[in-house]
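Trainee: Everything below, folded, please.
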Amino acid sequence: MLSYKYLFDIALILISTKLLGLLTRKFQMPQVVGALLAGLILGPAMLNILNETHFIQQMAELGVIVLMFTAGLETDIQELKKTGKASFVIALMGVLLPLAGGFIIASLFNKGGSASTNAMMQNIFIGIILTATSVSITVETLKELGKLSTRVGNAILGAALIDDILGIVGLTVIISLSDATVNIWWVLIKIVLFFICSVGTGFLFYFLFDKWVKKYDKDLRRFVIVSFVFCLLLAFVAEEFFGVADITGAFIAGLIISNTERTKYIEARFNTMSYILLSPIFFASIGISIEMPEMSGSIIGLTICLLIVAILTKVIGCGIGARLCKYSNKESLRIGVGMVSRGEVALIVASKGAAVGLMSTAFFGPVVIMVVVTTVITPILLKIVFRKNKNHPGNNEEVSSELINRYESKLEFSKVTY
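Mentor: Numbers count the residues shown, from 1 in each chain. As a prediction, the model looks like this:
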């Protein structure tokens, strides 16, 4: 018999994320924090009213795909090109330091020590988990703060996407060492092939789409549908055939469409769909998927150490990378903070490691708590580090620029045909 409980689940998620989002905004925190807390409160971690279902998982996945697609639409490609080299350096430093920090912490707390091969692999895997970055949390916060298309925002976006690739490589290496059936070279070749195919497909689609947009501009809704189809297909191909995260494919799809004549209209449509349905489900699902472990003295100690290392290694590692690329101290701090969130990415990595015996049961609880805290704290820290100094002479110009951009965006939206 067909169950309609999913309708109740969606209604509860939407109202709770909105109410808690408004509450957190009253405390000068980004609304995304409220959405994350809504999932935690209603999920197994606290009240256990909502549970993660297959439907919620799929809707959440669609939500993060749309979120990253709109991020691509809003990204300034020229600015992203300028930050390309810097993004790689930032991502590399943001992987090496957490990897080393996680390995050291795991070595100190792993009862088996680090002498045996199995224990050594488990310790390295904890480091791999700490290298993960959940760009979706940062993207939503930067959009709310109006900082997504800035120099810092583009650096974070580029670094987070490269971080995903490096994370895939690291995860593949460690799994291949424990599972002889995994061929690391084939995985690396597929990643390279994906980006080659994306460039070729991107040029072809952009040429055809831009020509079509200029020729037919009476009913703009068709452009939204075609854009969404392209986004979904590229996300599917990335994950299914090349082993690259679907959100990477979605972001690249957004980048390809970002320079067309009707980008503002397409972006406005997707922002509406994301705001009223998909984003709340995605952010709530992160909290719903978390089950808090039983705590003991040793677990609490491990959790605190893991949390401190998780935050500091990202802030310091990415911050050093940014400073090496001539970013200011303030910009470097903002970039480092923007890379702190582990979110659903770390949970996925941890679950894959547990499936092949690389995750010790003693570490799973602390890892979950680390994911929860870094996910909730990142939007709060971003709000703090992006806080303006009212006496700073450049603020008026920055605010004016933002208002002009918003006005132009609204003007463009008002001209379109519904």
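Trainee: Work out for me the element I10 sits within.
Mentor: Applying DSSP states H and E as the criterion places I10 in helix 5-26.
Trainee: oh, I was asking about P98
Mentor: Here P98 sits within helix 84-109, counting by DSSP H and E.
Trainee: as a whole number, average confidence for that helix?
Mentor: In this model, helix 84-109 has an average pLDDT of 91.
Trainee: next one: the helix or strand that that helix is followed by to chain centre, how far?
Mentor: With elements assigned by DSSP H and E, the helix or strand that comes after helix 84-109 is helix 117-131. Relative to its chain's centre, helix 117-131 lies at 22 Å (CA atoms, centre = their mean, to the nearest Å).
Trainee: can you list the residues that contact the helix or strand following helix 117-131?
Mentor: Next helix or strand after helix 117-131 toward the C-terminus (DSSP H and E): helix 135-145. With CB atoms under 8 Å, 6 or more residues apart in numbering as the test, helix 135-145 has contacts from 30-32, 36, 64, 67-68, 71, 74, 148, 153, 156-157, 160-161, 163-164, 247, 279, 282-283, 338-339, 341, 343-344, 375, 378-379, 382-383, 386. Glycine gets a C-beta too; all of them are placed from N, C-alpha and C.
Trainee: Okay, and which of those map to helices?
Mentor: When the contacts of helix 135-145 are checked against helices (DSSP state H), the matches are 31-32, 36, 64, 67-68, 71, 74, 153, 156-157, 160-161, 163-164, 247, 279, 282-283, 338, 343-344, 375, 378-379, 382-383.
Trainee: Pull up the per-residue confidence for the residue nearest to the spatial centre of the chain.
Mentor: The centre of the chain sits closest to V135, judged by CA atoms, centre = their mean, with a distance of 2.1 Å. pLDDT recorded at V135 is 77.
Trainee: go on, S114?
Mentor: So S114 comes in at 43 (pLDDT).
Trainee: Same question for N259.
Mentor: At N259, the pLDDT value in this model is 79.
Trainee: Which secondary structure element of the protein has the lowest mean pLDDT?
Mentor: helix 395-415 (a mean of 43; mean pLDDT, DSSP states H and E).
Trainee: List of residues touching stretch 340-355?
Mentor: Defining contact as CB under 8 Å, 6+ apart, one finds that stretch 340-355 is touched by 64, 125, 128-130, 132-134, 136-138, 164, 167, 171, 174-175, 285-286, 289-290, 310-311, 314-315, 359, 364, 367-368, 370-371, 374-375, 377-379, 381.
Trainee: Mark which of those are buried, thanks.
Mentor: The neighbour-count test (16 or more other CB atoms under 10 Å) marks 64, 125, 128-130, 132-134, 136-138, 164, 167, 171, 174-175, 285-286, 289-290, 310-311, 314-315, 359, 367-368, 370-371, 374-375, 377-379, 381 as buried among the contacts of stretch 340-355.
Trainee: isn't F236 right up against A245?
Mentor: No - using CB atoms under 8 Å, F236 is not in contact with A245; the gap is 11.9 Å.
Trainee: Looking at these two, which is more packed in?
Mentor: Using other CB atoms under 10 Å as the criterion, F236 and A245 rank with A245 on top: 22 against 14.
Trainee: For that one, give me its contacts.
Mentor: A245 sits in contact with D164, I168, A238, E239, where contact means CB under 8 Å, 6+ apart.
Trainee: so which of those is the most crowded?
Mentor: Busiest of those [other CB under 10 Å] is A238, holding 25 neighbours.
Trainee: out of everything not next to it in sequence, what's closest to that one?
Mentor: Leaving out its chain neighbours, the residue that sits closest to A238 by CB to CB, 6 or more residues apart in numbering is G249, at 3.1 Å.
Trainee: Run through the residues that contact that neighbour.
Mentor: Residues near G249 by CB under 8 Å, 6+ apart: F194, S198, C231, L234, A235, F236, V237, A238, E239.
Trainee: Any figure for the gap between the first one and I281?
Mentor: Look at F194 and I281: by CB to CB, to the nearest Å, they are 27 Å apart.
Trainee: now swap in G158 and tell me
Mentor: 27 Å.
Trainee: now G63
Mentor: From G63 across to I281, the span is 5 Å (CB to CB).
Trainee: More neighbours: which of these two?
Mentor: I281 (26 against 22).
Trainee: Any stretches of this structure with poor pLDDT?
Mentor: The chain contains residues with pLDDT under 70 at 1, 111-117, 178-182, 217-218, 293, 295-296, 344, 355-356, 361, 388-418.
Trainee: What is the end-to-end distance of stretch 236-253?
Mentor: 11 Å (CA to CA, to the nearest Å).
Trainee: In terms of distance to M59, which of the contacts of G249 ranks first?
Mentor: A235 (14.6 Å; CB to CB).
Trainee: close enough to count as contact, the closest one and F242?
Mentor: No - assessed by CB under 8 Å, A235 is found out of contact with F242, at 11.2 Å.
Trainee: quick one, which of those two is more surrounded?
Mentor: Using other CB under 10 Å, the more surrounded residue of A235 and F242 is A235, with 27 against 20.
Trainee: If we go by neighbour counts, what in the host helix or strand of that one is buried?
Mentor: Per DSSP H and E, A235 falls inside helix 221-242. Buried residues in helix 221-242, defined by neighbour count with 16+ other CB under 10 Å: 223-224, 226-228, 230-232, 234-235, 237-239, 242.
Trainee: Other residues contacting it?
Mentor: Residues outside helix 221-242 that contact it (CB under 8 Å, 6+ apart) are 65-66, 69, 190-191, 193-194, 197-198, 201, 205, 209, 212-213, 216, 244-250, 252-254, 256-257, 262, 265-266, 269-270, 418.
Trainee: let's see it at 6 Å
Mentor: Helix 221-242 is contacted from outside by 65, 69, 190, 194, 244, 246, 248-250, 253, 257, 262, 266, 269, using CB atoms under 6 Å, 6 or more residues apart in numbering.
Trainee: Redo those residues as JSON lines? Include distance to F88 and secondary structure.
Mentor: What follows is the contacts of helix 221-242, written out as JSON lines (distance: CB to CB, whole Å; DSSP: H, G, I helix; E, B strand; the rest coil):
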{"residue": "I65", "distance to F88": "24", "secondary structure": "helix"}
{"residue": "F69", "distance to F88": "23", "secondary structure": "helix"}
{"residue": "K190", "distance to F88": "20", "secondary structure": "helix"}
{"residue": "F194", "distance to F88": "17", "secondary structure": "helix"}
{"residue": "V244", "distance to F88": "16", "secondary structure": "coil"}
{"residue": "D246", "distance to F88": "22", "secondary structure": "helix"}
{"residue": "T248", "distance to F88": "15", "secondary structure": "helix"}
{"residue": "G249", "distance to F88": "20", "secondary structure": "helix"}
{"residue": "A250", "distance to F88": "21", "secondary structure": "helix"}
{"residue": "A253", "distance to F88": "22", "secondary structure": "helix"}
{"residue": "I257", "distance to F88": "24", "secondary structure": "helix"}
{"residue": "R262", "distance to F88": "32", "secondary structure": "coil"}
{"residue": "I266", "distance to F88": "29", "secondary structure": "helix"}
{"residue": "R269", "distance to F88": "33", "secondary structure": "helix"}
